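Novice: attaching a predicted model along with its sequence, questions to come.
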Amino acid sequence: MTVDLVPGLASGLGLGLGLLLLPALILLSHPPLRIASLTARFAAAAGLALALFAAGIVLAALAGHSPAWADLLAGAMILAGAILSAFTLWTLVCWGFTTSLLLALARSGPAESHENWFREYAGGGYRMFTQDRLGLLLRAGLVREAAGTVRLTGGRARAFARLADLLRRFYGLAQPQPHAPASVGEPPRHD
């Protein structure tokens with residue numbers, strides 16, 4: 001018995017379009033194709049992938065190459081899974097509170113106290129939620145508390161902050177900003 005590892009037409013189409021979702025979002029995040037609304041931007045990328053999938057299936061059928069139902073279902077499921085995965089990354093990059101907290105600390109340097117950091121970032125109204133997010137960053141080892149201050153822990157935390165900043169810039173969500181020193185009295189790092 002031989003196993004054919006080459007995907008069928010619909011499966012290959014679903015896989016290829018799924019891989020193109022994030023690059024499509026990057027194209028829709030910058031002029032001249034920029035879509036201002038974050039929700040509409042993702043919907044346009046997903047809608048384009050779905051429309052191209054449907055068009056590819058119709059064109060293949062018109063050319064006499066109708067995919068089997070199993071292949072059609074597999075291709076649709078692959079594309080749906082890619083859309084859900086891209087949406088998860090998209091929402092984290094666009095609206096991730098923890099990511100935003102990490103970026104705020106990376107840009108502004110150490111906070112004098114939790115209270116100052118909470119007040120500056122959340123305007124004081126999200127104290128419990130902010131404390132929960134701080135707990136997440138502490139457990140992940142990205143920040144530490146010392147003498148009443150909150151600081152990035154080092155290279156790994158800076159790398160996460162830079163990656164988040166890079167993703168936000170790729171998707172047209174933030175302008176590049178210079179990184180502040182990681183703690184009081186430290187010179188700026190250029191690593």
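Specialist: Right, received. Where do you want to start?
Novice: the domain parsing of the chain - what is it?
Specialist: What the record gives for the chain is the domain set 9-94, 97-170, from automatic domain parsing.
Novice: how about those domains in TSV, adding mean pLDDT, distance to Met1 and mean neighbour count?
Specialist: Bear in mind the C-beta positions are built from the backbone N, C-alpha and C, glycine included. Listed next are those as TSV, based on pLDDT from 0 to 100; distance: least, Cβ to Cβ, whole Å; neighbours: other Cβ atoms under 10 Å:
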stretch	mean pLDDT	distance to Met1	mean neighbour count
domain 9-94	94	18	16
domain 97-170	78	44	16
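Novice: redo those as a markdown table? Include distance to Val3.
Specialist: What follows is the domains of the chain, written out as a markdown table (distance: least, Cβ to Cβ, whole Å):
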| stretch | distance to Val3 |
| --- | --- |
| domain 9-94 | 14 |
| domain 97-170 | 38 |
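Novice: need the strands for this protein, in chain order.
Specialist: Assignment of strands within the chain using DSSP state E yields the ranges 143-146, 149-152.
Novice: stretch 20-32: end-to-end distance?
Specialist: 19 Å (Cα to Cα, to the nearest Å).
Novice: and that stretch, how far out from the chain middle?
Specialist: 13 Å (Cα atoms, centre = their mean, to the nearest Å).
Novice: cool, stretch 101-117 as well?
Specialist: So, by Cα atoms, centre = their mean, the centroid of stretch 101-117 is 22 Å from its chain's centroid.
Novice: for Leu92, see how far away Ala86 is.
Specialist: 11 Å (Cβ to Cβ, to the nearest Å).
Novice: what do these two both touch?
Specialist: Counting by Cβ atoms under 8 Å, 6 or more residues apart in numbering, no residue touches both Ala86 and Leu92.
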